[in-house]
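Following is a predicted model, sequence given first.
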Amino acid sequence: MPTDNTLIADAVNADVTTPAGFWRRVGATLLDGGILILLQLPIGALVGNSQSLALGFLRDGSASLSPEALKRAAVGFSSELVIRAIYCALFYRAMGATPGKFLLGMRVISIKTGAFLGVGQTILREIIGKWLSFLPLMLGFLMVPFRKDKRALHDLIAGTQVVIRK
């Protein structure tokens with residue numbers, strides 16, 4: 001009897017053709033970024049956010065790196081990571097793509113199984129892998145156009161690939 005994962009893998013494998021390219025992935029990132037900002041605004045308004053620390057400003061506009069500012073930035077940054085992880089995990093598991101990727105005709109699959117991603121693989125890709133892709137100088141992202149398989153560093157770390165849906 002086939003499991004849920006084999007049914008998903010069969011459906012996904014029958015539906016993919018080619019790796020998604022760099023600019024399509026950038027477009028999806030921008031769309032998802034806009035959605036995530038809207039989801040994060042209410043929390044950021046309550047506790048501050050990590051961008052406030054990066055700019056060196058508190059909610060009242062004064063420049064400071066006080067313990068209170070650092071605490072608020074840590075809470076804001078942590079909440080952004082949690083919201084991103086939940087957003088990606090729910091959408092990757094349910095439809096194989098975040099809304100931005102889905103709207104641009106892409107899907108994220110596991111290289112080993114061809115199945116949609118689970119929570120562990122999503123966290124490895126979206127939190128750990130993407131953080132490492134930013135270092136240094138976003139080279140982990142910029143490798144996509146130069147690789148035949150169009151995989152970024154976070155895809156290599158998590159064993160995933162972004163593909164175009166048929």
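Good, I have the coordinates. All values reported here derive from a predicted model rather than from experimental measurement.

For Asn49, give me the pLDDT.
Asn49 carries a pLDDT score of 54 in this model.

Low-confidence bits of this structure, can you list those?
Scanning the chain for pLDDT under 70 picks out 1-17, 44-65, 69.

Next secondary structure element downstream of the longest helix seen in it?
In the chain, with assignment by DSSP state H, the single longest helix is helix 67-95. For helix 67-95, the succeeding helix or strand toward the C-terminus, using DSSP states H and E, is helix 99-103.

Contacts for that next one, please.
Contact partners of helix 99-103, identified using Cβ atoms under 8 Å, 6 or more residues apart in numbering, comprise 20, 25, 27-33, 35, 91, 95-96, 107-108, 162. In this view, the C-beta of every residue, glycine as well, is placed from N, C-alpha and C.

Which of these fall within helices?
Using DSSP H, those in helices are Arg25, Gly27, Ala28, Thr29, Leu30, Leu31, Asp32, Gly33, Ile35, Phe91, Met95.

Select only the buried ones of these in ChimeraX?
ChimeraX command restricting these to the buried ones, with burial defined by 16 or more other Cβ atoms under 10 Å:
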select :25,28,29,31,32,91
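
if we take the ones in helices among the contacts of helix 99-103, which one ends up nearest to Gly118?
Phe91 (12.7 Å; Cβ to Cβ).

quick one: the closest one and Thr98 touch, right?
Yes. Contact criterion Cβ atoms under 8 Å: Phe91 and Thr98 qualify, at 4.7 Å.

Centre of the chain to stretch 80-94, how far?
8 Å (Cα atoms, centre = their mean, to the nearest Å).

Give the buried residues for it.
Glu80, Arg84, Tyr87, Cys88, Ala89, Phe91, Tyr92, Arg93.

got the contact list for Met143?
Arg151, Ala152, Leu153.

swap that for Thr18, please
Counting by Cβ under 8 Å, 6+ apart, Thr18 has contacts Val163, Ile164.

go with 6 Å
Going by Cβ atoms under 6 Å, 6 or more residues apart in numbering, Thr18 touches Ile164.
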